[in-house]
Every structure is written in structure tokens, then in C-alpha cells.
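> sequence and predicted structure, then a few things I'm wondering about:
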Amino acid sequence: MKRLLPIIPLLLIAMSSFAQADKILGTWLSADKKAHVEMYKINNIYYGKVVWLSQPNDPATGKPQLDTKNPDATKRSQPVLGSILFNKFIYDDGEYIDGKIYDVRDGKTYTGKLWLNDDGTLSMRGYIGFLYSTETWTRLK
């Protein structure tokens, strides 16, 4: 038992880190208020998929909005609802890094990072080279 005592603080620190990382889990309202994205985790890798759209159907056709700007022609017939926007982020020292952000508005994929702000909002930043754009999203209750 005495040998295990030094290990207990390390386990508590590790558990605290996992709890911090999982604060991103849940559903978020996009900055333009047109989508809800659910953040979820598989094997300590974080993803985000579209679970609601303010305009789920194309006004011209009455059918679901499609990912028409996707550079992969085979995916252009897939609905935006259910598509993965945040792909393969890992948690590291307060940030979610090394992931990709797909923007259905322009069909482009950006290198990105995510982080939680002190006010409970989620910031996402997409990069093209050294240029970047940042949006702030709000958690849905």
C-alpha cells in the first residue's frame, strides 16, 4: 500500500486532465446561428457533426440541403445534416489541436484548433498557411 501512495497524485492529475478535455463535449450553436454541431469523442479523439440546421431543406427543391461544394464529387449528393465538420482533434494542454475543420459553405478543409474560453464559449480557428480565421460558438443547454 505504501508503494501505491506516490502514484495516487499522478492518477488524480491524469483524471483531471481527461475531465478538462471532455468539457468540449455537447452541442454548440455556430457563430452564424445556422447550425448546431455535436462534439463527441471516440478513443480520445474529438469530432463534431451537424445535428440541426436552421434551413435543413433547399428552398428550390424542398429536399435536404446537400454538400454541393464538396471537392469530392462523390460526396456532393450527401446531406449537410449529419456531416462531420470537426475531424480528428486531440486534446493537448487546454487546446484541441491537429484536427481538420470542414466548411460546407465553401467546400474547403482547413487545419484547425479549438479551445474553450473562460466565458464558456468555444473558439475555433481555421488556418491556410499563416492566415487564419476565428469564430466563437455558444454552448446549447
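Alright, I've got the coordinates.
> ok, residue 51 - contacts?
By Cβ atoms under 8 Å, 6 or more residues apart in numbering, residue 51 lies in contact with 27, 36, 37, 38, 81, 82. (Each C-beta comes from the backbone N, C-alpha and C, glycine too.)
> what's the helix or strand for it?
Using DSSP states H and E, the element containing residue 51 is strand 45-53.
> partners of that strand in the sheet?
strand 35-42 (antiparallel), strand 84-92 (antiparallel) (DSSP bridges).
> returning to what we had before: got a winner among the contacts of residue 51 for most neighbours?
Greatest neighbour count in these, by other Cβ atoms under 10 Å, goes to residue 37: 24 neighbours.
> any idea where the helices of the chain begin and end?
7-21 (DSSP state H).
> worst-scoring helix or strand of it, pLDDT-wise?
The helix or strand of the chain with the poorest confidence is helix 7-21; it has a mean of 53 (mean pLDDT, DSSP states H and E).
> ok so, going back, next, the buried residues of the strand holding residue 51.
By 16 or more other Cβ atoms under 10 Å, the buried positions in strand 45-53 come out as 46, 47, 48, 49, 50, 53.
> got the CA positions of that strand in PDB?
Output in PDB follows, covering the C-alpha atoms of strand 45-53 (Å, rounded to 0.1, in the frame of the first residue of the first chain):
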ATOM      1  CA  ILE A  45     -10.200  11.900 -30.500                       C
ATOM      2  CA  TYR A  46     -12.700  14.600 -30.900                       C
ATOM      3  CA  TYR A  47     -15.200  15.100 -33.700                       C
ATOM      4  CA  GLY A  48     -18.100  17.400 -34.500                       C
ATOM      5  CA  LYS A  49     -21.100  16.700 -36.700                       C
ATOM      6  CA  VAL A  50     -24.100  18.800 -37.800                       C
ATOM      7  CA  VAL A  51     -27.200  17.800 -35.900                       C
ATOM      8  CA  TRP A  52     -29.500  20.700 -36.700                       C
ATOM      9  CA  LEU A  53     -29.800  23.300 -39.500                       C
END
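> understood, closing this out.
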